[in-house]
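next come a sequence and a model predicted from it.
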Amino acid sequence: MAEKIWTNLQMNINGLTQEVKFSKNAIEEIFNPFLRKLTELQGLTDRKIVAYLAAPPAAGKTTLAQFLEKLSRENPMFTNVRALGMDGFHFDSEYLKSNKILRDGQEILMNDIKGAPETFDVDSMQIKIREVRQDGTDWNIYDRLIHDVVHDALSVEDDIILVEGNYLLLDEPRWTNIRILADYTVFVKAAPELLTERLISRKMNTGLTREQAENFYRNSDSKNVERVLKNSAMANETWQLQPDGDYIKIDDEEEDFDEMIFEDDAES
């Protein structure tokens with residue numbers, strides 16, 4: 001088997017400069033065709049289009065979305081993509097710290113499971129996505145320095161919007177209202193065991209001890225991973241994260257462009 005050729009670069013991810021790499025094959029065989037497809041799709045309509053990149057926690061979706069934005073801006077054949085995260089639609093910290101939900105017969109403070117589907121303001125996110133499809137709008141972000149939402153922090157003007165997040169394709173009440181607003185979707189699969197150490201390390205980087213991080217993984221992150229992998233609806237494309245950080249395409253369930261563009265426009 002031929003040795004992989006990697007593109008290595010530095011990127012600013014969530015305010016931190018990080019070393020990232022993507023294989024030449026993934027760029028040429030998966031990412032560029034995906035951007036070409038979005039460019040063609042946007043050319044068929046007179047509005048912005050919204051694509052989703054959904055993946056379980058720690059599958060690299062934020063870095064991947066920002067890299068796809070970078071690729072689109074470097075190639076004049078592609079329409080510029082704007083990568084946006086759904087993390088800006090967490091409920092505000094004050095709300096999470098003062099409200100509880102019922103889980104497994106017990107009342108749990110929402111802040112203790114921050115990042116679970118129940119801790120997102122799905123109604124507000126639905127309104128924002130509808131607005132961005134039509135005229136553009138300001139977008140919320142999650143500021144990891146203050147660990148809270150900043151409302152209307154980004155102005156969105158590009159014609160292709162790529163939203164990344166864990167639960168965008170979740171086939172559950174409330175979340176289906178988000179799912180139907182996408183013009184095109186990608187789901188990234190990953191083996192749960194591949195994500196475990198990534199998630200524990202991520203929590204330790206915020207100041208938790210190993211024991212605290214492992215407890216959070218058992219009580220929250222692991223449940224979110226399982227929920228995303230088991231309850232997400234089929235996407236137009238499915239990519240899989242490999243142990244070396246590479247991506248392969250494992251599925252191509254492609255719908256007709258005209259149907260994807262207009263099937264939900266009457267509701268917008």
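Great, that's in hand. Residues are numbered from 1 along each chain as shown.

now the helix or strand hosting residue 95, how far from the centre of its chain.
Using DSSP states H and E, residue 95 sits in helix 93-98. In terms of Cα atoms, centre = their mean, to the nearest Å, the centre of helix 93-98 is found 23 Å from the chain centre.

how about stretch 39-55?
15 Å.

related to what we said a few turns ago, what mean pLDDT does the helix holding residue 95 have?
The average pLDDT within helix 93-98 is 96.

outside of that helix, which residues touch it?
For helix 93-98, contacts defined as Cβ atoms under 8 Å, 6 or more residues apart in numbering pick out 90, 109-111, 114, 119, 147-149. (Glycine included, C-beta is placed from N, CA and C.)

pLDDT at the residue nearest to residue 85 when sequence neighbours are not counted, what is it?
Nearest non-adjacent residue to residue 85, counting by Cβ to Cβ, 6 or more residues apart in numbering: residue 164, 5.6 Å away. pLDDT, residue 164: 98.

neighbouring strands for the strand or helix carrying residue 164, and are they parallel or not?
Using DSSP H and E, residue 164 sits within strand 160-165. Strand pairing for strand 160-165, using DSSP bridges, gives strand 49-54 (parallel), strand 81-85 (parallel).

which element follows that strand toward the C-terminus?
helix 176-179.

which helices and strands does that following helix pack with?
In terms of contacts (3 or more Cβ pairs under 8 Å, 6 or more residues apart in numbering; DSSP states H and E), helix 176-179 is packed against helix 122-134.

and stretch 75-88, how far from the chain's centre?
On Cα atoms, centre = their mean, the centre of stretch 75-88 falls 12 Å from the chain's centre.

which residue ranges of the stretch 1-150 of the chain form helices?
Assigned by DSSP state H, counting those that start in this stretch, the helices in the stretch 1-150 of the chain fall at 24-26, 32-42, 61-74, 93-98, 122-134.

so can I have TSV of these showing distance to residue 53 and mean neighbour count?
Formatted as TSV, these follow (distance: least, Cβ to Cβ, whole Å; neighbours: other Cβ atoms under 10 Å):
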stretch	distance to residue 53	mean neighbour count
helix 24-26	14	16
helix 32-42	9	19
helix 61-74	5	20
helix 93-98	25	14
helix 122-134	14	18
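
in JSON lines: these, plus distance to residue 54.
Converted to JSON lines, the helices of the stretch 1-150 of the chain look like this (distance: least, Cβ to Cβ, whole Å):
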{"stretch": "helix 24-26", "distance to residue 54": "18"}
{"stretch": "helix 32-42", "distance to residue 54": "14"}
{"stretch": "helix 61-74", "distance to residue 54": "7"}
{"stretch": "helix 93-98", "distance to residue 54": "22"}
{"stretch": "helix 122-134", "distance to residue 54": "13"}
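
quick one, which of those helices gets closest to residue 181.
Taking Cβ to Cβ, helix 122-134 is the member of these nearest to residue 181, at 4.8 Å.

just the CA trace of the closest one, in PDB.
Coordinates of each C-alpha in helix 122-134 appear next as PDB, following Å, rounded to 0.1, in the frame of the first residue of the first chain:
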ATOM      1  CA  VAL A 122     -33.200  24.500  19.200                       C
ATOM      2  CA  ASP A 123     -36.000  27.000  18.500                       C
ATOM      3  CA  SER A 124     -33.600  29.900  18.300                       C
ATOM      4  CA  MET A 125     -31.300  27.900  16.000                       C
ATOM      5  CA  GLN A 126     -34.200  27.000  13.700                       C
ATOM      6  CA  ILE A 127     -35.100  30.700  13.300                       C
ATOM      7  CA  LYS A 128     -31.500  31.600  12.600                       C
ATOM      8  CA  ILE A 129     -31.000  28.900   9.900                       C
ATOM      9  CA  ARG A 130     -34.200  30.000   8.200                       C
ATOM     10  CA  GLU A 131     -33.000  33.600   8.200                       C
ATOM     11  CA  VAL A 132     -29.600  32.800   6.900                       C
ATOM     12  CA  ARG A 133     -31.100  30.800   4.000                       C
ATOM     13  CA  GLN A 134     -33.100  33.800   2.800                       C
END
